[in-house]
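Enquirer: From the sequence below, what's the structure:
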Amino acid sequence: MLTQRQELILQAIVRQFTVSGQPVGSKLLAQELPIKVSSATIRNEMVVLEHEGLVKKEHSSSGRVPSKKGYRYYVDYLLDPTAISENDSAMIHNSLGTEFQKIDEIVSHSAEILSNLTSYTAFTLKPEQQNVKLSGFRLVPLGNARVLAILVTDSGEVESQAFTIPKRVEPEAVEAVIRLINDQLVGLPLTEVIKRLQEDIPVQITDYLQQPEGFLRIFDSIVNQASGERFYVGGRFNLLGIDTHQDAKAMKAVYELLDQSDRLSSIIDTDTSENGITVKIGSEIAKDKLLDNYSLITAKYQVDQFGEGIVAVLGPTTMSYSRTIGLVDAFRHELAKRLLNYYHHYYDS
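Expert: Take a look at the predicted model:
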């Protein structure tokens, strides 16, 4: 551990560098520190911090910049989250005060709001409801053998997806299968629905369809869509310019990552700290070096018995951690409140 004076110097270096983006020298630190210390003493302490790998020289000047290890120490021991301003608080409240028709609309819109607040790329995941149940399923003809599959859950969420049905399948057989599914599966948790699709439902469908695989793929796809994790992304273009050392190929790989829900799920995990917020820096985010110059702030939000969701922000390692964490913390509480109001309105109506 560092001495109190060394911690004050490291804290000041991180804060000054995140504001100016310029190496921090001893003269500036002598003016900014809350204790009276000579420039010579500060230079000696900076040598110690450099030896510990917490700061580094970028050029031959005497100024220092934080290293990733330095940011880690700052976040773990020296961070004091900034209280958000009244303007930020009003923006969060007003932006989430819009009338929405579906949970997905609230959560997807919230990704854009959080991105605008932080100027970074934001991710949101709706509450994971372990016991959400199937309320109904139907197919709407679109013409040319195309149909729109619609699935409704008891939480009021609606999933829809267009498919092509083989022309040899008779409409009467399709209607019979839909009645079978609604009779057999409505009222069951989606996890149980998925299990039944792998067990007895295929056998029962063969009474109506000689080759039920195509229809089962339709239903299985939309059920998995409804039950699976889906991250909404806001502020994709905010990634531009974060890592000036990345070539075009690496930047393309970062953008492709934003569309890979499985990969995002493994990166934006729920292994958060006691206060529900975690900060990953550089190589802590992923095993490869793709996000080495990024930091990821992830926070859980609780919606009572309706489940637990996630919000996250991906930005540069040079981000203002105090302000960003303060915004993420305030935002997750307002989002949870908004979703809870939606659920109560839906179930009470």
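
Enquirer: so is the residue nearest the centre of the chain in a helix, a strand, or just coil?
Expert: Centroid check for the chain by C-alpha atoms, centre = their mean gives residue 123 as the closest residue, at 3.1 Å. Recorded secondary structure, residue 123: strand (DSSP: H, G, I helix; E, B strand; the rest coil).

Enquirer: Hmm, it is touching residue 311, no?
Expert: Yes: counting by C-beta atoms under 8 Å, residue 123 does reach residue 311; the two are 7.0 Å apart. C-beta: built from backbone N, CA, C; applies to glycine.

Enquirer: picking up where we left off before, please name the bridge partners of the residue nearest to the centre of the chain.
Expert: Beta-bridge partners recorded for residue 123 (DSSP bridges): residue 233, residue 312.

Enquirer: quick one, what contacts it?
Expert: Contact analysis of residue 123 by C-beta atoms under 8 Å, 6 or more residues apart in numbering lists 111, 231-234, 264, 268, 310-314.

Enquirer: repeat that with 10 Å
Expert: Residues near residue 123 by C-beta atoms under 10 Å, 6 or more residues apart in numbering: 111, 114-115, 231-235, 258, 264, 267-268, 296, 298, 310-314.

Enquirer: buried subset of those?
Expert: 111, 114-115, 231-235, 258, 264, 267-268, 296, 298, 310-314 (16 or more other C-beta atoms under 10 Å).

Enquirer: Quick check, pLDDT for residue 154.
Expert: pLDDT for residue 154: 81.

Enquirer: burial measure for the nearest residue to it once chain neighbours are set aside, as a count.
Expert: Spatially, and ignoring its direct neighbours in sequence, residue 154 is nearest to residue 133 (4.4 Å; C-beta to C-beta, 6 or more residues apart in numbering). A total of 17 residues lie near residue 133 under the criterion other C-beta atoms under 10 Å.

Enquirer: mind checking the backbone torsions on residue 133?
Expert: Per-residue torsions, residue 133: phi -120, psi 160 (degrees, to the nearest 10).

Enquirer: and the gap between it and residue 196?
Expert: 13 Å (C-beta to C-beta, to the nearest Å).

Enquirer: list the residues that contact both of these two?
Expert: Taking C-beta under 10 Å, 6+ apart as the criterion, residue 133 and residue 196 both touch 185, 188.

Enquirer: hey, which helix or strand in the protein has the poorest pLDDT?
Expert: Here the helix or strand of the chain ranked lowest by mean pLDDT, DSSP states H and E is helix 213-227, holding a mean of 77.

Enquirer: which helices and strands does that helix pack with?
Expert: In terms of contacts (3 or more C-beta pairs under 10 Å, 6 or more residues apart in numbering; DSSP states H and E), helix 213-227 is packed against strand 134-143, strand 146-153, strand 158-164, helix 171-185, helix 190-198, helix 201-205.

Enquirer: Quick check: bridge partners of the residue nearest to residue 154?
Expert: Beta-bridge partners, per DSSP bridges, of residue 133: residue 189.
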